[in-house]
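A.B. asks: mind folding the following:
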Amino acid sequence: MTTNYIQSAAGVNNPILTLTITGTTSTTATNLLIPTLQDVTISNANNVFSWTQLNESAALQVATIANNSISSNIVVETTTFFGDSTASNWSAAYKGLIGLSTNKTKVNFSINLGTKSLSGVGYVTGLAPKVTADQPVWLTPITIAVSGEYTVA
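C.D. replies: Take a look at the predicted model:
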């Protein structure tokens, strides 16, 4: 059994969420890299259809389609959040997280999990930047609402 540990030391390849815009040819320079992840939750929640029958003493259930999503809390970095005006104007890096979310842009995503990566397509949602006296750095939740299945590589 192999266990992947997340190392939070400098120079270690920590989980990084990468976004590109679906349907465009992109290079590393135009990807939107989000290295400021505080935590990551990868969800694969199957829906379940339930029914009862008169000849059964318990409900019967069958799994149906899944709702997949990736959620995280990130430190808000200005260029990543608002976009990079020096990037190609069709790129995810140019639009930034807020542009991808407000424009409802379908994105390709890939998240590095160390020895494996998870990828797919979806939509950026759930942004809600917050700062307080006790938390003087802007943080925001982010969700990638996955459209379809995950691809594991």
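
A.B. asks: just give the nearest non-adjacent residue to Asn103, would you?
C.D. replies: Lys95 (6.8 Å; Cβ to Cβ, 6 or more residues apart in numbering). C-beta coordinates here come from the backbone N, C-alpha and C atoms, glycine included.

A.B. asks: okay, now the unreliable bits of this structure?
C.D. replies: Counting by pLDDT under 70, the chain has low-confidence residues at 1-15, 22-30.

A.B. asks: so where do the helices sit in it?
C.D. replies: Defined through DSSP state H, the helices belonging to the chain, from first to last, are 78-82, 92-102.

A.B. asks: buried residues in the longest one?
C.D. replies: Pointing back at helix 92-102 there. Across helix 92-102, burial judged by 16 or more other Cβ atoms under 10 Å covers 92-101.

A.B. asks: circling back: among the helices of the chain, which comes closest to Gly126?
C.D. replies: helix 92-102 (8.2 Å; Cβ to Cβ).

A.B. asks: contacts for that closest one, please.
C.D. replies: 19-21, 26, 29-32, 34, 79-85, 87-88, 103, 105, 107, 123-125, 127, 142 (Cβ atoms under 8 Å, 6 or more residues apart in numbering).
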